[in-house]
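Asks: from the sequence below, what's the structure:
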Amino acid sequence: MILLSDHNRGRRILLALLTGAALLALFALVTPRADAHANQIKSNPSPNSELEVAPDRVIIWFSESIEESFSELTVLNAAADRVDLNDSSIDSSEPSVMSVSLPPLENGTYTVVWKNLSSIDGHKVVGSFVFAVGESLSAHSQIYPDEQPLLQTVVDPWLRWLIFISVALVIGGLTFEMLIGIPIIYSDPVKQSWVSAAIAASTFWSRIAAASMIVLILALLGQILQAVSLISGSFSLIPDFGILKSVVLESGWGRFWM
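Replies: Predicted coordinates:
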């Protein structure tokens, strides 16, 4: 009985750890969905602003933390020539803020173009706005922010639901093992029919949890490949391994799942 008790205790600890990991994954999936993407909140200069004095820097605040390796901020003049100092960077103390330095600007209209990759959900977002220095903006030159799509691709909702359902089934299977299966199977002598039923149910839920874990891993890999295709701008059955490596190793979102 001591051996059974020790085995029971060890198995419970292992299942508790696995359940905790599954709950952490579910928490990570559910909590960051308020904004869905790293959208532009505000900027300096403001969109469509008319300035008397040229700024020495463009700063943009986003709704989520972004990845520096996959985010960039550029400034173009009316001839579509790049005029910034090519030093786009993210504030180390506030990773949702990106900025780029500017040389002394001549009077004219300038377009700010930005792209980012969210550290929270791995989604890519692009945007732009204009500002003028020493002159008024014409009506046709003004740019208003577009509504960013909630879903990145047509497979995005399917991958999300697969992850949600898989995590729920894994948690359900592990919880059954801890609360019902193990206590009955390894308890003091009870009715044999109860033990047989508990073993059958435990086997069933173990298989469900194992299958769900495989589906969960495949769905997570699908999300990573989706991020790679969005960054590269094209979908391929054979992903760009350079971008794949960067997404997995250099982004907080990729490192979390790995």
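
Asks: ok, and for the helix or strand in which Val100 is found, which residues are buried?
Replies: Under the criterion of DSSP states H and E, Val100 resides in strand 97-101. Buried residues in strand 97-101, defined by neighbour count with 16 or more other CB atoms under 10 Å: Val97, Met98, Ser99, Val100. Every C-beta, even on glycine, is put in place using the N, C-alpha and C of the backbone.

Asks: closest one to Lys42 out of these, please.
Replies: Closest approach between the buried residues of strand 97-101 and Lys42, by CB to CB: Val97, at 10.1 Å.

Asks: show me what the helix or strand that the strand holding Val100 is followed by pairs with in its sheet, parallel or antiparallel.
Replies: Using DSSP H and E, the helix or strand that follows strand 97-101 towards the C-terminus is strand 108-117. Strand pairing for strand 108-117, determined by DSSP bridges: strand 72-76 (antiparallel), strand 124-133 (antiparallel).

Asks: just the C-alpha atoms of the one helix or strand Gly172 maps to, please, in PDB.
Replies: Using DSSP H and E, Gly172 sits within helix 156-176. What follows is helix 156-176, C-alpha atoms only, in PDB (Å, rounded to 0.1, in the frame of the first residue of the first chain):
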ATOM      1  CA  ASP A 156      -7.000  31.800 -38.400                       C
ATOM      2  CA  PRO A 157     -10.400  31.100 -36.700                       C
ATOM      3  CA  TRP A 158     -10.100  27.300 -37.300                       C
ATOM      4  CA  LEU A 159      -6.600  27.300 -35.700                       C
ATOM      5  CA  ARG A 160      -7.900  29.300 -32.700                       C
ATOM      6  CA  TRP A 161     -10.900  27.000 -32.100                       C
ATOM      7  CA  LEU A 162      -8.700  23.900 -32.400                       C
ATOM      8  CA  ILE A 163      -6.400  25.300 -29.800                       C
ATOM      9  CA  PHE A 164      -9.300  26.300 -27.500                       C
ATOM     10  CA  ILE A 165     -11.000  22.900 -27.800                       C
ATOM     11  CA  SER A 166      -7.800  20.900 -27.500                       C
ATOM     12  CA  VAL A 167      -6.700  22.800 -24.300                       C
ATOM     13  CA  ALA A 168     -10.200  22.300 -22.800                       C
ATOM     14  CA  LEU A 169     -10.100  18.500 -23.500                       C
ATOM     15  CA  VAL A 170      -6.500  18.200 -22.200                       C
ATOM     16  CA  ILE A 171      -7.600  20.000 -19.000                       C
ATOM     17  CA  GLY A 172     -10.700  17.900 -18.700                       C
ATOM     18  CA  GLY A 173      -8.800  14.600 -19.100                       C
ATOM     19  CA  LEU A 174      -6.200  15.500 -16.600                       C
ATOM     20  CA  THR A 175      -8.700  16.800 -14.100                       C
ATOM     21  CA  PHE A 176     -10.700  13.600 -14.300                       C
END
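
Asks: quick one: mean pLDDT for that helix?
Replies: Helix 156-176 shows a mean pLDDT of 76.

Asks: with stretch 67-82 instead?
Replies: 91.

Asks: then stretch 224-242?
Replies: 67.

Asks: tabulate the strands paired with strand 108-117 in JSON lines, adding columns for distance to Pro157 and mean neighbour count.
Replies: Formatted as JSON lines, these follow (distance: least, CB to CB, whole Å; neighbours: other CB atoms under 10 Å):
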{"stretch": "strand 72-76", "distance to Pro157": "28", "mean neighbour count": "19"}
{"stretch": "strand 124-133", "distance to Pro157": "17", "mean neighbour count": "19"}
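
Asks: quick one, phi psi at Asn86?
Replies: Geometry field for Asn86 lists phi and psi as phi 60, psi 40, criterion degrees, to the nearest 10.
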